[in-house]
Each structure stands twice: as structure tokens, then as C-alpha cells.
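> Show me how the following folds:
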Amino acid sequence: MVRRNGMNITMALLLVLFLASCSQAEPARRHTATPETVALYSDEGCWSESVQAAERMFQWMGYTVTLVNADYIKNGRLDNSNILCVPGGDMYQYAQSLSPEGMENIRGFIRNGGGYIGICGGAYFASEKVIWQGDQLPMTSLRLFSGTAEGPRNEIAPCPDYAMCKVNTVAPAHPITQSEPDSAWMLYYWGPMLVPNEDANIVILGEYDSGNQAAMLALDYGRGRVFLIGTHPEIEEDSERDGAEFADELDDQGSDWDLMKKAVLWCLRRGVAD
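Numbers count the residues shown, from 1 in each chain. As a prediction, the model looks like this:
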């Protein structure tokens, strides 16, 4: 009887150790919202036309779009989505509204497998250092990208003007830019050039034709992925499908939505090679 009890105790200890080892294994990917959902930041400082056009763009891709504000993010609700998109707007205001708490929630969301799409102001906001009109802004940024976002590019369009700009593809083998043309025309509206630190582990996908500085890039962040672009690919200058009338007098010589769809798929690890 004593031996049988000893065996029972041994088996119980082994079971406890097994369960403990299972609990220490790498957690499953948390962002499994179905259908796949894009959280689109829409709060103070956001450029309304960028929000509207991005919402139409993601819906065109077939995704459910949820407009979220700073409180939504600070309350830890991003896990209801697969991707966070921060559109064009005031990066300084983004930092003020989201606070360190909200920014840490965003970083945690991406580290655990979420995706981040940063467009213009969202690209500034994601960078380690933000320089605006020659001065570094006194702000705590999201710091997903190890480098500097600097703008506006006055040689393309002096602030407050806007214009079409040529972006050259420089990574034709990357899943986002493969099968893309050698160059594309996109709306430039005060966006940054993205200057990586020497030790930054990133892939530059496209460069401004003027100055040959990075206009879009991709990087891994923990188990998640990040895509940043300094132009406004969400705006369709010669189409009404974006729901925005801004810059309709211009011609983008083709849509940029297919490029953005591949960026989303890459962030989601869906349908494109790693």
C-alpha cells in the first residue's frame, strides 16, 4: 500500500511538471479575429481624408475595419484585431493622446504577432526619432523603426503644398514589391524620408526619386510585422472609390491599392512568401 501511494505521488509530480512545461511553451498567435480585422486609428490629430480613404481601401481588400481611438488602445482592446493602421496626421498629437501606456500596448500587440501599417504621420510616429522642418520634436514616439523620420521634403512639395512624387522600387524580390513596376507615382503630402540607423534590421522597399532616400520599408518586430510608407497610397487621385475628393485634380497614373494589399498580406503572413 505504501508503495502504491508512492507511485501515485510520483505520477502526480510528473503530471504537474508536464503541465508546467506546456504552459512555458511559446504562446499561440493571439490575433485570430475572424474575419480578419483592421483597427484603423481615428482620433484627434488624424487627417480625416486619410482615414476615410484607408477605410475604403481595407474594405476593398475584404477586411472588416474598426475605427478605434486612443482609449480603445489604452484599454487593451487591440487583440480584437489583426492589424493596426495609423494613417496620415499629426504624429505629435498621436503621442500625446496615446501616452506611454497606449504605445506600450501597441508594441505588445505587434510583438505578439500583430501587424502595423504606418502611413505618413503613422510612419513618423513609428520611428525612433522624429525631425520636422529641421528640428527634432520633443516627443516620445512608438519606436518600432530604429531610425529617423524626417520631413517634409520641400524639394518635392514645400509645406503646405502637395504633389505627386515618383517612388522607385529597390527591393523587387521582397513579397510586397515583387511584381510591382520599377516605379510608381504617389501623393506626397508632408511625409517623411526614413533614415535607418546603421544597426537597423529593416528592408528598404522603395526610395523617393528625388534624393534617393527611403520612402517605404518593412521590418519584423517580435513575432509581428511593420510596414511604413511616407506617401499616401490610400488616396486615389483619379478615382472616386476612396470616398475622398482630396487631390482629385492630380493623376497617380495607376492605383497603389494592390501594393498596399500585398503589404497587408505580408503583415498577416497570408498568401505571400516570408
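> May I ask which helix or strand encompasses residue 228?
strand 224-229 (DSSP states H and E).
> Output the contacting helices and strands for that strand.
Packing partners of strand 224-229 (3 or more Cβ pairs under 8 Å, 6 or more residues apart in numbering; DSSP states H and E): helix 91-111, strand 115-119, helix 121-126, strand 214-221, helix 257-268. C-beta: built from backbone N, CA, C; applies to glycine.
> And stretch 240-257, end to end?
13 Å (Cα to Cα, to the nearest Å).
> ok, and what's touching that stretch?
49, 52-53, 55-57, 60-61, 162-164, 184-187, 189, 233-239 (Cβ atoms under 8 Å, 6 or more residues apart in numbering).
> Now, of these, which are buried?
49, 52-53, 55-57, 61, 162, 164, 184-187, 189, 233-237 (16 or more other Cβ atoms under 10 Å).
> picking up where we left off before, between the strand holding residue 228 and strand 214-221, what angle do the directions make?
170 degrees (axes from the mean of the first three to the mean of the last three Cα atoms, to 10 degrees).
> what lines up beside strand 224-229 in the sheet?
Paired strands of strand 224-229, with direction, are strand 115-119 (parallel), strand 214-221 (antiparallel) (DSSP bridges).
> Can you report the mean pLDDT over the residues of the longest one?
Meaning strand 214-221. The average pLDDT for strand 214-221 rounds to 98.
> Quick one: residues contacting the closest residue in space to residue 70 that isn't next to it in sequence.
Spatial nearest neighbour of residue 70, excluding adjacent residues (Cβ to Cβ, 6 or more residues apart in numbering): residue 97 at 4.1 Å. Applying Cβ under 8 Å, 6+ apart to residue 97 gives the contacts 43, 44, 45, 69, 70.
> mind putting those in JSON lines, pLDDT, secondary structure and neighbour count included?
Output for the contacts of residue 97, formatted as JSON lines (pLDDT from 0 to 100; DSSP: H, G, I helix; E, B strand; the rest coil; neighbours: other Cβ atoms under 10 Å):
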{"residue": "43", "pLDDT": "98", "secondary structure": "coil", "neighbour count": "19"}
{"residue": "44", "pLDDT": "98", "secondary structure": "coil", "neighbour count": "12"}
{"residue": "45", "pLDDT": "98", "secondary structure": "coil", "neighbour count": "19"}
{"residue": "69", "pLDDT": "98", "secondary structure": "coil", "neighbour count": "16"}
{"residue": "70", "pLDDT": "98", "secondary structure": "helix", "neighbour count": "19"}
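> And the closest residue to residue 123 other than its chain neighbours, how close does it get to residue 221?
Nearest residue to residue 123, sequence neighbours excluded (Cβ to Cβ, 6+ apart): residue 228, at 4.1 Å. For residue 228, the distance to residue 221 (Cβ to Cβ, to the nearest Å) stands at 11 Å.
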